[in-house]
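A.B. asks: Test case, fold it:
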Amino acid sequence: MPAGNEFIAINPHCALKNLEEPCLYDIKNDELYELGQDAYQFLLRCSQGERPVVRKEDEEFIQYCLSENLARWADTPLRKKQFVHRSPIPSLRYLELQLTDRCNLQCRHCYLGESGHHDISFAQVLRVMEELEEMQGLRLLLSGGEPLLHPQFWRINDLLMDYDFRSVLLSNGNLITREVAKKLRAHEVQVSLDGMKEGHELLRGRGTFRKALKAIDHLQEAGIQLSVATMIHKGNLKEFDSLAGLLESKGIREWNVDVPCMEGRLKENENLCPSPAEAGPLLNYGFGGGMHASKENYGCGAHLCAIMSSGHVAKCGLFAQTPVGVIDEGLRACWERVPRIQLKELTCNCSVLEECRGGCRYRAKLEGGILDPDVFQCYARGMVKGGELDDDQEGS
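C.D. replies: Numbers count the residues shown, from 1 in each chain. Here you go, the predicted model:
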């Protein structure tokens, strides 16, 4: 402990978040630390430049914050902007912002379909970022289309480090050169890689596999945290072991694996759709990352919503045809209208429901009903026997 003339400062890459429970969010490392009220109030006073009295019972907590690089000693008070009022309940933790529906590829599974050449305005982006910070959000997911094609992308890019949330750029990687990678200010870039060369290019076109791998190399060279997203389809079912080896060789720490929904261009390419029995087990290949879920007993989407390039707001991008409002009404107002489904409302009745959270509600809606099981997740978690749902999983 100091001699008494030093201040405790929350490190710049961390921020206090007053969510369902008070937390300290490590934006750089995407780690969320729950705090008791005493610890939250202590750090809040530190963030306001005060020198709180350090009690004996505080010393272990302070030492932990120092050892985790969440805080440091400072010779002068360091004030940090904080929003002390509580976030909405449930909290909006993850916001997908579709900057544009323009894209440089014609992917055969894209749920958006053909581009309408919509770009959300720079003024709207700026307002959304300010509202998300005020609502104490954790992650802003910049998507498209291909977000790099937004006419004002580089103006948006220059703002990303100015807010107390983590920015994640979702890209197909084909426009990320060495020079582009060096200019990016997002905390993380997620590159789409849908199999090895044959499987990836079956969806995204010739030459795209090499460009995606080059993008991964350029991003790592630029020191940007990296993740990979893979969609399961008929053409990559036997490539997952090879793809896992490739990602391991590249040092990828997070791999998101999912199944495309029957929307957009996929309706014209139904032959690419895998069955739940084929795709379900492959969902287990993903690793790392994860959502910072609260203890609220909701199904998927409890802490997520999406803003389309048209300005409409929906439960997620897949629910774009049933928006809850437009962003010019305000993010908070739209968030309060997002429909939520409690786990007890689902017809699922199995031993892994708390872990699975019912899977994807949109996929369940397409397969049967919005309250029904997501059968892909049932296969992934071994809740299917002989091609039928386990007795424990049948509707209650």
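A.B. asks: which residues sit in contact with residue 174?
C.D. replies: Contacts for residue 174 (C-beta atoms under 8 Å, 6 or more residues apart in numbering) come out as 104-105, 146, 208, 211-212, 215. Bear in mind the C-beta positions are built from the backbone N, C-alpha and C, glycine included.
A.B. asks: An error on my part: the question was meant for residue 235.
C.D. replies: The contact partners of residue 235, by C-beta under 8 Å, 6+ apart, come to 195, 198-199, 202-203, 272.
A.B. asks: cutoff 6 Å now
C.D. replies: 199, 202 (C-beta atoms under 6 Å, 6 or more residues apart in numbering).
A.B. asks: Then residue 93?
C.D. replies: Applying C-beta under 6 Å, 6+ apart to residue 93 gives the contacts 137-138, 303.
A.B. asks: make it 8 Å
C.D. replies: Applying C-beta under 8 Å, 6+ apart to residue 93 gives the contacts 19, 137-139, 291-292, 303-304.
A.B. asks: residues in contact with residue 66?
C.D. replies: With C-beta under 8 Å, 6+ apart, residue 66 has these contacts: 72-73.
A.B. asks: Helices along the stretch 251-396 of the chain, start to end?
C.D. replies: For the stretch 251-396 of the chain, the helices defined by DSSP state H, counting those that start in this stretch occupy 276-279, 331-337, 353-356, 361-367, 375-380.
A.B. asks: could I get these as TSV with mean pLDDT?
C.D. replies: Below are the helices of the stretch 251-396 of the chain laid out as TSV (pLDDT from 0 to 100):
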stretch	mean pLDDT
helix 276-279	96
helix 331-337	97
helix 353-356	84
helix 361-367	92
helix 375-380	93
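A.B. asks: Could I get the contacting residues of residue 345?
C.D. replies: Neighbouring residues of residue 345 by C-beta under 8 Å, 6+ apart: 299, 371.
A.B. asks: What distance do you get for it to residue 32?
C.D. replies: Here residue 345 is placed at a distance of 27 Å from residue 32 (C-beta to C-beta, to the nearest Å).
A.B. asks: Now the buried members of the contacts of residue 174.
C.D. replies: Buried members of the contacts of residue 174, counted by 16 or more other C-beta atoms under 10 Å: 105, 146, 208, 211-212, 215.
A.B. asks: what's residue 297 in contact with, if anything?
C.D. replies: Counted by C-beta under 8 Å, 6+ apart, residue 297 has contacts 342-344.
A.B. asks: For it, give me the pLDDT.
C.D. replies: Confidence at residue 297, expressed as pLDDT, is 81.
A.B. asks: Quick check: phi and psi at it.
C.D. replies: phi -90, psi 60 (degrees, to the nearest 10).
A.B. asks: Residue 177 too?
C.D. replies: According to degrees, to the nearest 10, residue 177 has phi -90, psi 180.
A.B. asks: measure the nearest residue to it once chain neighbours are set aside to residue 210 for me?
C.D. replies: Spatial nearest neighbour of residue 177, chain neighbours left out: residue 218 (6.5 Å); criterion: C-beta to C-beta, 6 or more residues apart in numbering. Going from residue 218 to residue 210 by C-beta to C-beta gives 13 Å.
A.B. asks: With residue 136 instead?
C.D. replies: Taken as C-beta to C-beta, the span from residue 136 to residue 210 is 41 Å.
A.B. asks: can you check residue 378 too?
C.D. replies: Distance, residue 378 to residue 210, by C-beta to C-beta: 37 Å.
A.B. asks: Of these two, which one has the most company?
C.D. replies: residue 378 (22 against 13; other C-beta atoms under 10 Å).
A.B. asks: from what I can see the more buried one touches residue 280, true?
C.D. replies: Yes. Judged on C-beta atoms under 8 Å, residue 378 makes contact with residue 280 at a distance of 6.9 Å.
A.B. asks: Show me whatever sits in contact with both of the two.
C.D. replies: Common neighbours of residue 378 and residue 280 (C-beta under 8 Å, 6+ apart) are residue 384.
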